[in-house]
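K.L.:
kindly generate the corresponding structure for this input.
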Amino acid sequence: PHCQEFAETVRDIIKDEAERRRLGTSSLPGLESVPRTTAAEGGLAAAQSPQAFTTEVYIDDFQHLTQLLQQGLELFEIGAKVYEILGLIEKVVKREGPARVMTLLGFEFNSTTGVLRIPEAKASEIVLLIRQVIATAHKGGSVPWSILSSLHGKLMWASTGIELGRSYLSAIRRPLDAVATLLSNRLQRANFLIPVYEMLEMVGQLQWWDAAVSCNNGTTQLYINQSGMYDRWSWSGSFGDDVPSDVVQGFTDACPLGGGYLWGSERFRFLWSSRERRHHINVLEAETILRMLRADASSLDHCKLLMWCDNMVTVKAVRKGTSKSPLLTKIVREIRLICLQHKISLCVHHIAGVKNPLADGLSRGLVAARCESWSLNAAIMNRWRSAFQGFDVDAFCDPSGRGKQAPAFCSIVDEPFTHSFFNLKVFAFPPLHLIEHFLKSSLNWRANVLVAVLPVTVALDAGLASCLLHSYGSFQGIFTRTQANHTRPCPAMGFAMGVYDLSARC
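P.N.:
Next up, the predicted model:
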């Protein structure tokens, strides 16, 4: 009803203004700037003329300019009522589909994928200027105040799209502020030289910006938040609260002996060198997060990653993008750069140490590091693929599919337990904590062939002795794991593993 009332008010204003213009009197307040046209030219005069005219009206319902979808629909409804009451609508023609890529404050935004990016031409311009300043610094030279100020302004604009980008501008801004009040005109600003070769922190920040803008033009993945608006992904709950199903959770911990991390069904531990052990625990905690991302970032491409860490200093540093410790800042910058390169939406939260026992056990060597990306080494896998003429599905693989043993695969983000593998050949190497679930679920898979790698003792307890094809001992090198761009042997499991043909159970 309020839309109808508003539309009738607009109609009355239009009629009043049209009559004023027909009589040649002054326009209503606010409408003086509207061009006065003749009936032949259309517009308000044509609306009051007895002659027939055709007027094309173009309407764009750009939702992003409104705070809520409901507000946008209401405005559109009011507009439609106005045209209906005036009797101007004869037919509606959809000339083209809605715009998917638009420009907002100089950034390109794709409303289909939710990706915000710096336009290619602008990104190239920024990168070129950054590299010129870095090259000048390496040659022991200086750059004019005006050039460095221009670069700072461009990076301030780019930081609108690059998360935490402003954290890496302080060293660039510092020499500008130091002399800004002394340079009163353009000529002075152009001639005053800043010795960038002496400013190592500035060069380090510029190198980070070079890499950040160069990778995917500084793209940022945006998501629709609870208010219906596009925003960077974040999570504000506490440990134990429900986490959305499309979020991958990771846990890290470090001690003076080593570090450990886990996410999904992936686990890994490592030992510090004698030199690394001398660092403060805050640095070791951040280094553990960094090593996880170095190893597995390609498996987390385009993922929302909720990271749990039991060191509050590290959590705050990763959130802010900087720290008072130069070494910790260096680690955090690399963490953020890896997330940009792989489009990972990272959110770090604190977890009490007593609630993080698995990562703590990994760091201290108390928990075995068997994970989903482990596989039988290439020679052994080639034997089993040849024996069964290949497999159709790898039931347990990491999300990236790097170590997959078949064209199709399931992972932590698409678990196999609810799938039907009717008449397919399936290879399964379930993580240790999922073996019981796997043995129950696979009874309903209806697979033509099901070959599984299981601990021999577990298989014997489950009555699968007759299904054993071959038993392997516990030796380093039987299993391998892909990390970053390398495939490395895994440590011994500590118990014998066997390959079982479970086809008759499906």
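
K.L.:
what kind of secondary structure is residue 239 in?
P.N.:
coil (DSSP: H, G, I helix; E, B strand; the rest coil).

K.L.:
list the buried residues of stretch 395-403.
P.N.:
395, 396, 397, 398, 399, 400, 402, 403 (16 or more other C-beta atoms under 10 Å). Heads up, the C-betas are built off the backbone N, CA and C, glycines and all.

K.L.:
can you list those in a markdown table and add pLDDT, distance to residue 335 and secondary structure?
P.N.:
What follows is the buried residues of stretch 395-403, written out as a markdown table (pLDDT from 0 to 100; distance: C-beta to C-beta, whole Å; DSSP: H, G, I helix; E, B strand; the rest coil):
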| residue | pLDDT | distance to residue 335 | secondary structure |
| --- | --- | --- | --- |
| 395 | 90 | 32 | coil |
| 396 | 85 | 28 | coil |
| 397 | 81 | 25 | coil |
| 398 | 72 | 20 | coil |
| 399 | 70 | 19 | coil |
| 400 | 68 | 19 | coil |
| 402 | 71 | 21 | coil |
| 403 | 74 | 24 | coil |
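
K.L.:
residue 112 and residue 343, how far apart?
P.N.:
15 Å (C-beta to C-beta, to the nearest Å).

K.L.:
tell me which of these two has more neighbours.
P.N.:
Per other C-beta atoms under 10 Å, whichever of residue 112 and residue 343 has more neighbours is residue 343, with 17 against 8.

K.L.:
pretty sure the more buried one is touching residue 218, no?
P.N.:
No - taking contacts as C-beta atoms under 8 Å, residue 343 lies outside contact range of residue 218: 11.2 Å.

K.L.:
looking at the buried residues of stretch 395-403, which one is closest to residue 429?
P.N.:
residue 396 (5.5 Å; C-beta to C-beta).

K.L.:
contacting residues for that closest one?
P.N.:
By C-beta atoms under 8 Å, 6 or more residues apart in numbering, the contact set of residue 396 is 265, 372, 410, 411, 416, 428, 429, 430, 431, 434, 438.

K.L.:
same question for residue 194.
P.N.:
Here residue 194 is in contact with 142, 143, 144, 145, 148, 175, 176 (C-beta under 8 Å, 6+ apart).

K.L.:
got the phi and psi for residue 12?
P.N.:
phi -60, psi -40 (degrees, to the nearest 10).

K.L.:
quick one, grab the pLDDT at it.
P.N.:
Looking at residue 12, its pLDDT is 79.

K.L.:
likewise for residue 138?
P.N.:
94.

K.L.:
sorry, back to before: can I get the buried residues of stretch 395-403 in TSV including distance to residue 116?
P.N.:
Formatted as TSV, the buried residues of stretch 395-403 follow (distance: C-beta to C-beta, whole Å):
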residue	distance to residue 116
395	37
396	35
397	31
398	28
399	24
400	24
402	28
403	33
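
K.L.:
quick one: the helices in the stretch 251-400 of the chain?
P.N.:
Counting by DSSP state H, counting those that start in this stretch, the stretch 251-400 of the chain has helices at residues 281-296, 312-320, 326-342, 357-363, 378-387.

K.L.:
one step back: just give me the closest of the buried residues of stretch 395-403 to residue 232.
P.N.:
Distances from residue 232 to the buried residues of stretch 395-403, taken by C-beta to C-beta, are shortest for residue 399, at 21.4 Å.

K.L.:
partner residues bridging the nearest residue to the closest one once chain neighbours are set aside?
P.N.:
Nearest non-adjacent residue to residue 399, counting by C-beta to C-beta, 6 or more residues apart in numbering: residue 411, 4.4 Å away. Counting by DSSP bridges, residue 411 forms beta bridges with residue 414.

K.L.:
now do the same contact list for residue 411.
P.N.:
264, 372, 396, 397, 398, 399, 401.

K.L.:
a markdown table for those residues, including distance to residue 279?
P.N.:
Shown next, in a markdown table, are these (distance: C-beta to C-beta, whole Å):
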| residue | distance to residue 279 |
| --- | --- |
| 264 | 28 |
| 372 | 30 |
| 396 | 36 |
| 397 | 35 |
| 398 | 30 |
| 399 | 31 |
| 401 | 35 |
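
K.L.:
residue contacts, the nearest residue in space to residue 323 that is not next to it in sequence?
P.N.:
Among residues not flanking residue 323 along the chain, residue 317 sits closest, at 4.1 Å (C-beta to C-beta, 6+ apart). With C-beta under 8 Å, 6+ apart as the criterion, the residues that contact residue 317 are 282, 286, 323, 325, 328, 329, 332.

K.L.:
coming back round to it: lowest-confidence one in the contacts of residue 396?
P.N.:
Comparing pLDDT over those, the lowest reading goes to residue 372, 52.
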